[in-house]
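Student: Any chance you could fold what I've pasted below:
(one chain, ligands or ions: 4)
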Amino acid sequence: MITFKFPLGLSLECYVCAKNKAHALQSIRSAAKNSTSVENKKLLEKEFVTPEVVCKSCKVQRYCSMDHLLEDRPEHVELCRVLSHLLSSQKLKHPLLHRGNISSPEHLQLVISQLKLILRVKLQRPLTPREHHVISNPAICEVCFKTEALLKVCKDCAGVAYCCEDHCYQDAKKHTPKECRTLAMISSPFRQLDCTLNLRSFHQSVDMRQSHLIDAFFKATTLKIDNNPQNIAVCSSFSGIASACLALTNISWVSDQYSAVIVYVVAATEEHLLYFQEMHLRFFFLQYQSIQNLDLYFIGPKLLPRESPNKKVFRFRGLVRTVVKHYFSETFTAFSKSMKVDPTVILLLEPDFINMDTATEQLVNQLPGKRNGGVSEFNWENCLGTILRTYGVPICYTSATRFQAMADFTAFDSMALFHNIAIERVYNITENPYREILPLYNFSDWHNERIIYANNYLEVLFTSKNRI
Ligand SMILES: [Zn+2]
Ligand SMILES: [Zn+2]
Ligand SMILES: [Zn+2]
Ligand SMILES: [Zn+2]
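Tutor: Residues are numbered from 1 along each chain as shown. Ligands and ions are numbered 1, 2, ... in the order given. Now for the predicted structure:
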């Protein structure tokens, strides 16, 4: 999925204001409590200003003032030039009108995808997160899709806009307080921050099968989620370890204290490593209190090389716990050729087997006259075959959307058919009770899931030889 964990400013918000807020929050967080500067505090308390200044050249980027427009010029100029050339050469009033007036949400999705492809080719580089944002969430009326003269922007979330009072009123049923709160979380700057909180005391465990992330997190830490953005972000980061804990409930011997639990995180990325900090490991030992040894194997070609193995020993609940982290910056297939494959559980966090994530890149690379643009095409087929041959081991994978989850399962299933391997499904793609709680925009909205959550869907598979 093309999702960004660090969105910066929506198109209905002045980009420079959003950036300043994020920086202010960051310096407040890193500074000592009593040294918060008045200036930063003021920036954070600054009220939402409808961004009425529209960049005249591209018609998409909006600002609160001319000052901020000028300040953003150096960063915005590349995208702006391409868009403005498109407007003049095609005689358009707005870049999204390249197939006439927009008539439906489907039509809007289509023109957004096409515009992104045009931009990718003209810019000769992938779009940056902020460019994705401004194109994917255009400032247009929610009701009639008009692109000009927006009168009203919802001040609470900066996520929806209307051309007139009437259309604002009409949309009230759809834009519920709940949707508004969710959209506000997406545009709030707190997600920018690295989660620096390191929780040390953990209290009550839960029955992983009966609980969910917010409940398990509260019982473990006694931290309330409420509307505290920092707690929301910290709680969300427990999604990876909690999903692993849930997958492990499918194996009966895991309570045996003398064995090490061995978790393979396959197709691991640098981002996945943030799910396995010490506080997350303490949460793991809280749920599985008799386990003393945990071995984590991070295997993936996108991992940067680092010291391996890395061993950590700490006392938790009266027992010495040992966690060994192994890092392999290679594919699982390469790994399996040199190492004995013997995990307790295999974890794949949003693997994207059919490469929907890189669909635009692939299209661009197939254009005539284009050499293979150096995008490393990760060969999933070999990797899937290797994963499927770890018979009897639960293979747990998560996906952000239902569509992606089904596509990933189809990839597994067709590969299993090819190798004559039987698959037993435990969850049949259910909503993962341990999904992240921070919402994200889905930039390839094919199936009406505009707002999504990392690890939203869960499947656990067991494989065995000989399909009947
Ligand atoms: Zn501004
Ligand atoms: Zn512009
Ligand atoms: Zn309207
Ligand atoms: Zn709102």
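
Student: Spell out which parts of this protein neighbour ligand 3.
Tutor: Neighbours of ligand 3 within the chain, by C-beta under 5 Å from the ion: C141, V143, C144, K146, C163, H167. Any C-beta I mention is one placed from the backbone N, CA and C, and that applies to glycine too.

Student: which phi and psi does the closest residue in space to the first one that isn't next to it in sequence have?
Tutor: In other words, C141. Once flanking residues are discounted, C141 sits nearest to C163: 4.0 Å by C-beta to C-beta, 6 or more residues apart in numbering. Torsion angles at C163 (phi, psi; degrees, to the nearest 10) stand at phi -80, psi -20.

Student: show me what contacts C163?
Tutor: C163 sits next to C141, V143, C144, K146, A149, L150, L151 when contact means C-beta atoms under 8 Å, 6 or more residues apart in numbering.

Student: show me the contacts for the first one.
Tutor: With contacts defined as C-beta under 8 Å, 6+ apart, C141 is in contact with L150, A161, Y162, C163, C164, H167.

Student: so what strands line up beside the helix or strand L294 falls within?
Tutor: Element membership of L294, judged by DSSP states H and E, is strand 293-299. Using DSSP bridges, strand 293-299 pairs in its sheet with strand 260-266 (parallel), strand 319-328 (parallel).

Student: Make TSV from these and add mean pLDDT, mean neighbour count and distance to F284 to it.
Tutor: Formatted as TSV, those follow (pLDDT from 0 to 100; neighbours: other C-beta atoms under 10 Å; distance: least, C-beta to C-beta, whole Å):
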stretch	mean pLDDT	mean neighbour count	distance to F284
strand 260-266	93	21	8
strand 319-328	95	17	9
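
Student: To ligand 2, which of those lies closest?
Tutor: Proximity to ligand 2, assessed across the strands paired with strand 293-299 by C-beta to the ion, is greatest for strand 260-266 (41.2 Å).

Student: Just give the closest residue to K155, not the sequence neighbours.
Tutor: Distances taken as C-beta to C-beta, 6+ apart put F48 closest to K155, at 4.7 Å, once the chain neighbours are dropped.

Student: how close does the one you found get to K91?
Tutor: 35 Å (C-beta to C-beta, to the nearest Å).

Student: out of those two, which sits in the more crowded spot?
Tutor: More crowded of F48 and K91, by other C-beta atoms under 10 Å: F48, with 17 against 6.

Student: my read is F462 is in a helix, agree?
Tutor: No: counting by DSSP: H, G, I helix; E, B strand; the rest coil, F462 is not found in a helix; it is strand.

Student: OK, contacts around it?
Tutor: Contacts of F462 (C-beta under 8 Å, 6+ apart): N250, G392, V393, P394, I395, I423, E424, V426.

Student: Can you read off the pLDDT for the last one?
Tutor: You'll see V426 listed with a pLDDT of 92.

Student: Look up phi and psi at it.
Tutor: phi -100, psi -40.

Student: how about the nearest residue to it, chain neighbours excluded?
Tutor: V460 (4.0 Å).

Student: ok, now how distant is the one you found from T249?
Tutor: From V460 to T249 the distance is 9 Å (C-beta to C-beta).

Student: Tell me which of those two has more neighbours.
Tutor: Neighbour count, other C-beta under 10 Å: between V460 and T249, V460 has more, with 22 against 16.

Student: give me the beta-bridge partners of that one?
Tutor: C396.

Student: Would you mind listing the residues in contact with it?
Tutor: A247, N250, P394, I395, C396, R425, V426, Y427.

Student: Next: I214.
Tutor: I214 touches I225, C235, I437, counting by C-beta under 8 Å, 6+ apart.

Student: so how far is the helix or strand encompassing it off the chain centroid?
Tutor: According to DSSP H and E, I214 maps onto helix 213-221. Relative to its parent chain, helix 213-221 has a centroid offset of 21 Å by C-alpha atoms, centre = their mean, to the nearest Å.

Student: Give me the buried positions along that helix.
Tutor: By neighbour count with 16 or more other C-beta atoms under 10 Å, helix 213-221 contains the buried residues L213, I214, A216, F217, F218, A220, T221.

Student: Would you mind measuring from the fourth one to ligand 4?
Tutor: Spelled out, it's F217. 27 Å (C-beta to the ion, to the nearest Å).

Student: in the stretch 101-250 of the chain, what residue is nearest ligand 1?
Tutor: For the stretch 101-250 of the chain, C-beta to the ion, closest residue to ligand 1: A158, 11.9 Å.

Student: If you tally nearby residues, what's the number for that residue?
Tutor: 25.

Student: That one - nearest residue in space that isn't next to it in sequence?
Tutor: E13 (4.5 Å).

Student: ok, which stretches of the stretch 301-450 of the chain are helices?
Tutor: 332-338, 359-365, 380-388, 402-418 (DSSP state H, counting those that start in this stretch).

Student: Tell me the helices and strands packed up against the last one.
Tutor: Helices and strands touching helix 402-418, as assessed by 3 or more C-beta pairs under 8 Å, 6 or more residues apart in numbering; DSSP states H and E, comprise helix 380-388, strand 395-399, strand 421-425, strand 457-465.
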